[in-house]
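[1] Okay, here's the prediction I keep looking at, along with the sequence it came from:
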Amino acid sequence: MSTAKRCLAMLAFLLWVPLCGAAEEVKITGNDARAPKSFNDRSGNAQGILVEIMGYVQEQTGVRFSYTLYPWARAYKSALAGEAGIIGLSLSKERQAVFDYSSEPLFYDELVLVVKAGKEFPFSGIKDLKGKSIGVCRGCSYGDAYENAVKDGVFQPVQGDSPSAQLAMLLHDRIDAVLMPVGRAGLEDALRGTQSGVDLLKHRDKFVILPQPFARDPNYLAFAKSMDKRKLLAQVDRALRKGHESGAIKRRVDKYIAERGAREQAGEGRT
């Protein structure tokens, strides 16, 4: 083989290798109905704050991620089986036994309690929920303190598939409060939903957020230990650390929330 042909063959090989590496995607799952944190839009595409943050990670690492979001219980089962990584996972001892977590949180979720106006109650900690029924995400966990309170029967968790459905329950006095993700932004998003013919926006003034947040819950990226993704998680951690320290992730999230709100106010409707 001539020198020129050898050079061309070597060039083709060098071009082929990175293309093969780039073709691999890392599958990710998560909650499909937790807007604005994570959800499927009307076209079935994954959207939300967590997806935006993972977009930043992809840009920083070159690792490509693909998303299939499900109802949380199904997403968790899929991740537990090693079919995909999972975004938005809270930390607990039980989960740490089966999942490898990113060391850096993707996002700190401000969990608040939404009550019906006129039925506010003092809240400074979980103990103040004693005897109350609280609307929570089906299959979700919010850390060890939450898990211990549930096991001890401090309050009754009423599981549901969407915050909008739980607001409708609250409106009809079927529960005492809703544990709402993403603070005020989460409530505003849930109010744009319609449940059983109830236009929640028309009842906006009937919902109140208690002054003291329930928790500031760190949400992580995690993979089942069987997937052996610790090296990938180390890359993700470096990107997250850089993004949080520089403020790049906060700017990206703030921009996403603002643009999403503007689209909806312009009449594009709930996605």
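    Perfect, I can see it now. Computed from a prediction, not measured in an experiment: that's the story for all the values here.
[2] First-to-last residue distance for stretch 27-43?
    Stretch 27-43 has an end-to-end distance of 19 Å (criterion: CA to CA, to the nearest Å).
[3] Work out the gap between it and the centre of the chain.
    8 Å (CA atoms, centre = their mean, to the nearest Å).
[4] List the buried residues of it.
    28-40 (16 or more other CB atoms under 10 Å). C-betas here are computed from N, CA, C, even on glycine.
[5] In strands, which of those appear?
    Among the buried residues of stretch 27-43, DSSP state E puts 28-31, 33-34, 38-40 in strands.
[6] Between which two of those is the distance greatest?
    Greatest spatial distance in these: 28 and 33, 16.3 Å, computed using CB to CB.
[7] I'd assumed residue 121 was in contact with residue 128.
    Yes: when contacts are counted by CB atoms under 8 Å, residue 128 is listed as touching residue 121 (7.1 Å).
[8] who has more neighbours, these two?
    Of the pair residue 128 and residue 121, residue 128 is the one with more neighbours under other CB atoms under 10 Å, namely 15 against 12.
[9] What residue, apart from its backbone neighbours, is nearest that one spatially?
    residue 122 (6.1 Å; CB to CB, 6 or more residues apart in numbering).
[10] hang on, isn't the one you found packed against residue 130?
    No: counting by CB under 8 Å, residue 122 stays clear of residue 130, with 11.7 Å between them.
[11] the more surrounded of these two?
    Between residue 122 and residue 130, counting by other CB under 10 Å, residue 130 is the more crowded of the two (11 against 8).
[12] Apart from its neighbours in sequence, what residue is nearest that one?
    residue 154 (5.5 Å).
[13] thinking again about what came up before, sec struct for the residue nearest to residue 128, please.
    Here residue 122 is recorded as coil under DSSP: H, G, I helix; E, B strand; the rest coil.
[14] tell me which element residue 242 is part of?
    Using DSSP states H and E, residue 242 sits in helix 230-246.
[15] same check, this time on residue 262
    helix 248-263.
[16] tell me which residues in that helix are buried?
    249, 252-253, 256-257, 260.
[17] Closest to residue 241 out of those residues?
    Nearest to residue 241 out of these is residue 249 (CB to CB; 10.1 Å).
[18] List the contacts of the nearest residue to that closest one once chain neighbours are set aside.
    The shortest distance from residue 249 to any non-neighbouring residue, by CB to CB, 6+ apart, is to residue 243 (3.8 Å). Residue 243 sits next to 53, 56-57, 60, 249, 252 when contact means CB atoms under 8 Å, 6 or more residues apart in numbering.
[19] Can you convert these into a markdown table and add a column each for distance to residue 114 and pLDDT?
    Output for the contacts of residue 243, formatted as a markdown table (distance: CB to CB, whole Å; pLDDT from 0 to 100):
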| residue | distance to residue 114 | pLDDT |
| --- | --- | --- |
| 53 | 25 | 98 |
| 56 | 30 | 98 |
| 57 | 31 | 98 |
| 60 | 35 | 97 |
| 249 | 26 | 98 |
| 252 | 27 | 97 |
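[20] Pipe those residues into CSV and attach distance to residue 110 per row.
    Shown next, in CSV, are the contacts of residue 243 (distance: CB to CB, whole Å):
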residue, distance to residue 110
53, 15
56, 20
57, 22
60, 25
249, 16
252, 18
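[21] does residue 88 count as helix, strand or coil?
    Applying three-state DSSP: residue 88 is strand.
[22] What strand or helix carries the residue nearest to it when sequence neighbours are not counted?
    Spatially, and ignoring its direct neighbours in sequence, residue 88 is nearest to residue 219 (4.7 Å; CB to CB, 6+ apart). Using DSSP H and E, residue 219 sits within strand 215-224.
[23] Now do stretch 229-243, average pLDDT.
    Mean pLDDT, stretch 229-243: 98.
[24] And for stretch 64-79?
    On average, stretch 64-79 scores 97.
[25] Now do the end-to-end distance for that stretch.
    18 Å.
[26] Which positions in it come out as buried?
    So for stretch 64-79, counting by 16+ other CB under 10 Å, buried means 65, 67-72, 75-76, 78-79.
[27] Now the two most distant members of the residues you listed.
    For those, the maximum inter-member distance is 20.2 Å, found between 65 and 71 (CB to CB).
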